[in-house]
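# okay, sequence plus prediction incoming.
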Amino acid sequence: MVVLIFASWCFFDRQNNTRQRLAHEEAFFKEEVLKKKDQEQLARLQDEVDGLQKSIDNLMNRSASLESELLAAKHELASAERDLRKYRGQALAVRQEAERVNADISDLKNRVAVLVKQTLDADQRLMILMKTKNALADQLKIYQQTTHREEPAAQQYARHIREQDIDTVTETVIDRPVLPSGEVLTVNREFAFLVINLGKSSGMEEGMVLDIRRENKDLGQARVETVRENISAAALADKDNLSQIRAGDKVFVAEGI
């Protein structure tokens, strides 16, 4: 009986040990399996982390490239703005120069018109003087024909002297230059002188005194200092009158000149 009990106990003890050993081996196996799975999962996560790191590096490189491109674009934009401002300044300068040239052309046209009118007036005056001379010569011939008779030598000599006087007066009237009225072209307020549209062709000479008027109002006098063919420069006698004088005012040779 004791032997039977002992044998049963040994059997159950061996069986219990076997179960414990199997349970221990099963637990160790599960632990190994879990550890392996954890390692595999960790490797996958590491691969994902490495992939994400590469993506981050690529994005950082792309961001740096985009920043460089943006900086270059800003520099190009700033350069374009500078060029635009420069071109606008050049366009403004060209427009101002064109306006100045147009103003000069207009001024030259006005001067040419004045010179043409002055030439026509001189031609008309010359024509009138020639007609006057011819008329006087015709009257003289008629007078000589109607009064021709025998005269004493003294009377003939006196008549000859009178005829010479008439010829002299006629030639003086014809040859004496007629000074037309002119006008002020420009006023130099810094040096107080005028430029007028009368010159040598109009009989102007240095030293002549000019009266300056506007609508029968006396504005002062000026003395001619420089004479060219069609224009002259005259200095103002009284600089206080400078502010009243402007282009277009009439000028006349003073009486007694």
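Looks like it came in fine.

# from now on I want contacts and neighbour counts done on CA atoms only, so please keep to that.
Noted.

# just the pLDDT for K30.
On pLDDT, K30 comes in at 81.

# tell me, how many residues neighbour it?
12 (other Cα atoms under 10 Å).

# where's it, which helix or strand?
Per DSSP states H and E, K30 falls inside helix 2-146.

# give the other helices and strands that that helix contacts.
For helix 2-146, the elements it packs on are helix 153-175, judged by 3 or more Cα pairs under 8 Å, 6 or more residues apart in numbering; DSSP states H and E.

# in the following helix or strand past the helix it packs on, which residues are buried?
The helix or strand immediately downstream of helix 153-175 is strand 182-188, counting by DSSP H and E. Buried positions in strand 182-188, judged by neighbour count with 16 or more other Cα atoms under 10 Å: 182-187.

# go on, stretch 82-97?
Buried-residue list, stretch 82-97, by 16+ other Cα under 10 Å: empty.

# relative to the whole chain's centre, how far out is that stretch?
8 Å (Cα atoms, centre = their mean, to the nearest Å).

# alpha carbons only: can I get it in PDB?
Extracted as PDB, the C-alpha positions of stretch 82-97 are listed here (Å, rounded to 0.1, in the frame of the first residue of the first chain):
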ATOM      1  CA  ARG A  82      15.700 100.300 -60.400                       C
ATOM      2  CA  ASP A  83      15.700  99.900 -64.200                       C
ATOM      3  CA  LEU A  84      12.100 101.000 -64.300                       C
ATOM      4  CA  ARG A  85      12.800 104.100 -62.300                       C
ATOM      5  CA  LYS A  86      15.800 104.900 -64.500                       C
ATOM      6  CA  TYR A  87      13.800 104.500 -67.700                       C
ATOM      7  CA  ARG A  88      11.000 106.600 -66.300                       C
ATOM      8  CA  GLY A  89      13.600 109.300 -65.400                       C
ATOM      9  CA  GLN A  90      15.100 109.100 -68.900                       C
ATOM     10  CA  ALA A  91      11.600 109.200 -70.500                       C
ATOM     11  CA  LEU A  92      10.800 112.300 -68.400                       C
ATOM     12  CA  ALA A  93      14.100 113.900 -69.500                       C
ATOM     13  CA  VAL A  94      13.400 113.100 -73.100                       C
ATOM     14  CA  ARG A  95       9.900 114.600 -72.800                       C
ATOM     15  CA  GLN A  96      11.200 117.700 -71.200                       C
ATOM     16  CA  GLU A  97      13.900 118.000 -73.900                       C
END
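
# picking that back up, now tabulate the buried residues of strand 182-188 in a markdown table and tack on distance to M60 and pLDDT.
Shown next, in a markdown table, are the buried residues of strand 182-188 (distance: Cα to Cα, whole Å; pLDDT from 0 to 100):
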| residue | distance to M60 | pLDDT |
| --- | --- | --- |
| G182 | 85 | 92 |
| E183 | 82 | 93 |
| V184 | 79 | 94 |
| L185 | 76 | 94 |
| T186 | 73 | 92 |
| V187 | 74 | 92 |
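
# pipe the residues you listed into a markdown table and attach distance to L242 per row.
A markdown table is the format used below for these (distance: Cα to Cα, whole Å):
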| residue | distance to L242 |
| --- | --- |
| G182 | 18 |
| E183 | 15 |
| V184 | 12 |
| L185 | 14 |
| T186 | 12 |
| V187 | 8 |
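
# now, which of these sits nearest L194?
Using Cα to Cα, V187 comes nearest to L194 of the buried residues of strand 182-188, at 4.8 Å.

# which non-adjacent residue is nearest that closest one?
Nearest non-adjacent residue to V187, counting by Cα to Cα, 6 or more residues apart in numbering: L194, 4.8 Å away.

# helix, strand or coil for the one you found?
Classification of L194 using DSSP: H, G, I helix; E, B strand; the rest coil returns strand.

# wait, it sits on L236?
Yes: proximity of L194 to L236 meets the contact threshold set by Cα atoms under 8 Å, at 7.4 Å.

# who has more neighbours out of these two?
Neighbour totals were compared for L194 and L236, and L194 leads with 24 against 21 (other Cα under 10 Å).

# output the lowest mean pLDDT helix or strand found in the chain.
helix 153-175 (a mean of 46; mean pLDDT, DSSP states H and E).
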